[in-house]
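In: my questions concern the predicted model and sequence given below.
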Amino acid sequence: MYRERPAITEPNAIVRGSTATTGASFVSGHVILSTGLAWAITPCLRGSWRAAPWVVVGLIAFARIYLGAHNPLDVVGGLALGFVAGGAANLIVGVAVREPVAAGS
């Protein structure tokens, strides 16, 4: 599926900075990549560090919409494809099962 960027398809779209105004919009490649990587590395992290990649994904997703590079549906599509890509990577490589860390260790 091909859709133009919001600067072309949306009347009065706000485009910030030097954001691209031409080319394909659906789906967001930035969001696919960041979501896939976050999904793949989260099992390797411990404790509160497991939230860090997802904070980055959220910031990237917000930034793509805020800058006017993508519509919200483009970002949702990127999240979905990123989940598929990261999940497939975890299935292919395998996820190590970690022993719980005892409190105070």
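Out: That came in fine, so what should we check first? Numbering: from 1, shown residues only.
In: and Gly68, that one's in a helix?
Out: No - under DSSP: H, G, I helix; E, B strand; the rest coil, Gly68 sits outside any helix and is assigned coil.
In: just checking, what packs against the longest helix along the chain?
Out: Counting by DSSP state H, the longest helix found in the chain is helix 72-93. In terms of contacts (3 or more Cβ pairs under 8 Å, 6 or more residues apart in numbering; DSSP states H and E), helix 72-93 is packed against helix 29-41, helix 52-66. (Each C-beta comes from the backbone N, C-alpha and C, glycine too.)
In: next, the angle from that helix to helix 29-41.
Out: Inter-element angle recorded for helix 72-93 and helix 29-41: 30 degrees (by axes from the mean of the first three to the mean of the last three Cα atoms, to 10 degrees).
In: contacts for stretch 83-102, please.
Out: Stretch 83-102 is contacted by residues Ile32, Thr35, Gly36, Leu37, Ala38, Trp39, Ala40, Pro43, Cys44, Arg46 when judged by Cβ atoms under 8 Å, 6 or more residues apart in numbering.
In: please point out which parts of that stretch sit buried.
Out: Across stretch 83-102, burial judged by 16 or more other Cβ atoms under 10 Å covers Ala85, Gly86.
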